[in-house]
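Colleague: Based on what follows, work out the 3D shape:
(chains A and B)
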Amino acid sequence: MNALLHGRLTGLLALGAVIAVLPAVLPNNFYLDIAILAGFNAVVCVGLNLLIGYAGQISLGHAGFFGIGAYASGVLVGAYGWPPLLALLAGALFVGLLAFLVAKPILRLKGHYLAMATLGIGIIVSIVLRTESGLTGGPDGMMVEPFRIFGVELYGEKVWYWVVGVLLVGVVWLSLNLIDSPMGRALRAVHGSEVAAEVVGVDTARFKVLVFVLSAVFASVAGSLFAHYAGLITPAKADFFKSIELVTMVVFGGMASTFGAVVGAVVLTLLPQALTVFQDYQQIVLGGILMATMVFMPKGLLPTLAALLPARRRA
Amino acid sequence: MFAELLQYLLSGLTIGAIYALAGLGFSIIYNASHVINFAQGEFIMIGGMASATLTASGVPLPLAILIGCGGAMLVGVLVAKFAVERARNASTVTLIIITIGASIFLRGVAELVWGKDFKRLDAFSGETPIQILGASMQPQSLWVVGTAGVLIVAIGLFFAKTLTGKAILATSHNRLAAQLVGIDVKRVVLASFALSAALGAVGGAVVAPITFSYTEMGIMLGLKGFTAAVLGGLGHGPGAVAGGLIVGIAEALGAGYISSAYKDAVAFVIILAVLLFMPNGLFGKRGTERV
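Modeller: Numbering: from 1, shown residues only, chains lettered A, B, ... in the order given. Sure thing, here's the model as predicted:
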């Protein structure tokens, strides 16, 4: 009973309940579409949060991995006739390998140097996608075939909503388990002080590489599914601003909080929709909100709110 | 053959000079506050937009540049005072997002004030190309390189000779110690933002006749400036200048000999290659970490 109240199960159940009830509350497919987009962002952010929030490593290039996944699905299914699931796995495998190869030398870098290196990778990916128009359709993007599996075509917001919902719950469950495992404790030690963690025998390099690869693969899978859902992908989904948006979601929701990452993704997916009422002032309001949240709540939304609750409720 | 190479080198030098100024701006702010100011590109944009629109409405060019410069400095000080200084103890990634928020905000304001279209600024001294050994050069390129050169030397003297410059250097070495000997470190941070903003704005004004000015001009220029600063070793002023020139020239050579579509990727390929072997940039000091 105690474990049910305070353990990771409560949060997971709450998340599942919200996802289950939401379609009944949302008035039409427009809102369902936003919920799906928020779900895709949340999947990427949960992975990114492992890297930023727990391992304390910055990545300003994760949209690049999202983009590779998306284009792998688009190109392999569209031009080469691969089954969508196989294309998704191939994309994830490629991204995983790429992340693994670059991780070791890159994660040796610290702070701003790491920010620079990951930013560079992301920008190079988006420039390649923009330029190789024979395969990718260039700046205008490319159409993507629908996702078919065992002869069934995933079609419509209602179906995709459940696909994304289940994926999100799965990713959150994986992430919570990881954080509570010995590896999670090792990661937090890396975040606290890398040197100290090394001194007590944590193989910091191995853990950082693992989390980097894992978060990149999450992004790739989300990218693949997004491409099939949207039916159209553009290089903008892989560029610097998308990377910044993802990092902002993680930090906005609350670093080192899996549910914070989900909340951040949802809020910041909704925000631009809500801000359309400001029309010409949209960017000013968005920039202002980003600055204000980070200045007044440097730990992010969820941890700040949690700290306001009575102490015994804190996990 | 040689003329072609010289042509690429000259255009690389021109754009490299702007990257050098932007990189120097990153370094100065990083030294004073350990913040990477992603709004650095917006200072360049403010300089370019202000000088283009003010001269179009009849203000003499030197005055227009001066106003743009003053405006950028004011913006820089405001960003430092109300965003960066308040989040003093926040983590690196939080501070990065604050400055990115500031740059989105500033672009939004700029779009509101100046609109989204490209603005033209006449070249400062005509457009008759100068012929050098078979290569041709726009007179404006001389303005860009000359102005950047003068500013870089001036900044060097400022840090070496003046009390304020030395105070900024002292703060960058040890903030607490600087505070103990009576340096107002908060003002040092404000001064560093003002200085970087001024550098950016003047750079934006001299480059505007070549690139045109528009509200998004600062994005890539800012990122390349960051690349320049990291390439030279963060916080290393002369390194940032060298980094800027290297990036500019490599980019021009890459565009000329390899592919112009991949021009923007050159800077990032170089930085990845360098960081692979020199994790602290070309001239950066190897730091030690305290547990």
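
Colleague: residue in the stretch 51-200 of chain A nearest to chain B?
Modeller: residue A:120 (3.6 Å; C-beta to the nearest C-beta). No exception for glycine: its C-beta is placed from N, CA and C like everyone else's.

Colleague: Now do that residue, the pLDDT please.
Modeller: With respect to pLDDT, residue A:120 has a value of 91.

Colleague: Pull up the gap between the spatially most central residue of chain A and chain B, please.
Modeller: Geometric centre of chain A, nearest residue: residue A:44, 1.3 Å, by C-alpha atoms, centre = their mean. Residue A:44 is 16 Å from chain B, where distance means C-beta to the nearest C-beta, to the nearest Å.

Colleague: buried ones in the helix or strand hosting residue A:244?
Modeller: Here residue A:244 sits within helix A:240-253, counting by DSSP states H and E. Buried residues in helix A:240-253, defined by neighbour count with 16 or more other C-beta atoms under 10 Å in any protein chain shown: A:240, A:242-253.

Colleague: Please list the outside residues in contact with stretch B:242-256.
Modeller: B:4, B:7-9, B:11-24, B:224-225, B:227-232, B:262-264, B:266-267, B:270, B:281-283 (C-beta atoms under 8 Å, 6 or more residues apart in numbering or on different chains).

Colleague: Pull out whichever of those residues are also neighbours of chain A.
Modeller: The subset of these within reach of chain A, by C-beta under 8 Å from any C-beta of the partner chain, is B:227, B:230, B:262, B:264, B:281.

Colleague: Relative to residue B:103, which of the residues you listed is nearest.
Modeller: Checking those against residue B:103 with C-beta to C-beta, the nearest one is residue B:227 at 16.2 Å.

Colleague: List phi and psi for that closest one.
Modeller: phi -60, psi -40 (degrees, to the nearest 10).

Colleague: Can you report how many residues neighbour residue 26?
Modeller: Going with chain A. Residues near residue A:26, counting by other C-beta atoms under 10 Å in any protein chain shown, number 16.

Colleague: actually chain B
Modeller: 31.

Colleague: Burial check on residue B:263, number of neighbours?
Modeller: Residue B:263 has 17 neighbours, counted by other C-beta under 10 Å.

Colleague: got the CA positions of the helix or strand hosting it in PDB?
Modeller: Here residue B:263 sits within helix B:263-277, counting by DSSP H and E. Output of helix B:263-277 as PDB, limited to C-alpha atoms (Å, rounded to 0.1, in the frame of the first residue of the first chain):
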ATOM      1  CA  LYS B 263      28.700  26.100 -46.900                       C
ATOM      2  CA  ASP B 264      27.000  26.400 -43.500                       C
ATOM      3  CA  ALA B 265      28.000  22.900 -42.500                       C
ATOM      4  CA  VAL B 266      31.700  23.600 -42.800                       C
ATOM      5  CA  ALA B 267      32.000  25.500 -39.500                       C
ATOM      6  CA  PHE B 268      30.400  22.700 -37.600                       C
ATOM      7  CA  VAL B 269      32.400  19.900 -39.200                       C
ATOM      8  CA  ILE B 270      35.600  21.800 -38.300                       C
ATOM      9  CA  ILE B 271      34.500  22.300 -34.700                       C
ATOM     10  CA  LEU B 272      33.600  18.700 -34.300                       C
ATOM     11  CA  ALA B 273      36.900  17.600 -35.700                       C
ATOM     12  CA  VAL B 274      38.800  20.000 -33.400                       C
ATOM     13  CA  LEU B 275      36.900  19.100 -30.300                       C
ATOM     14  CA  LEU B 276      37.600  15.400 -31.000                       C
ATOM     15  CA  PHE B 277      41.300  16.000 -30.500                       C
END
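
Colleague: Contacts for that helix, please.
Modeller: A:105-106, A:109, A:113, A:116-117, A:119-121, A:123-124, A:127-128, B:220, B:223-224, B:227, B:230-231, B:246-247, B:250-251, B:254-255, B:281-282.

Colleague: Which stretches in the stretch 151-300 of chain A count as strands?
Modeller: Ranges of strands within the stretch 151-300 of chain A are A:152-153, A:232-233, based on DSSP state E, counting those that start in this stretch.

Colleague: Name the residues of the stretch 201-315 of chain A found near chain B, please.
Modeller: So the stretch 201-315 of chain A meets chain B at A:240, A:244, A:247-248, A:251-252, A:255, A:280-291, A:294-295, A:298 (C-beta under 8 Å from any C-beta).

Colleague: Which of these are buried? Put it as a PyMOL command.
Modeller: Restricted to buried positions by 16+ other C-beta under 10 Å, the PyMOL selection for these reads:
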select buried, chain A and resi 240+244+247+248+251+252+255+282+283+284+285+286+287+288+289+290+291+294+295+298
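
Colleague: and residue B:284, that one's in a helix?
Modeller: No - Residue B:284: not assigned to a helix; according to DSSP: H, G, I helix; E, B strand; the rest coil it is coil.

Colleague: How about the secondary structure of the residue nearest to residue A:109 when sequence neighbours are not counted?
Modeller: Take residue A:109 and drop its neighbours on the chain: the residue closest to it by C-beta to C-beta, 6 or more residues apart in numbering or on different chains is residue B:279, 5.2 Å away. Of the three states, residue B:279 takes coil under three-state DSSP.
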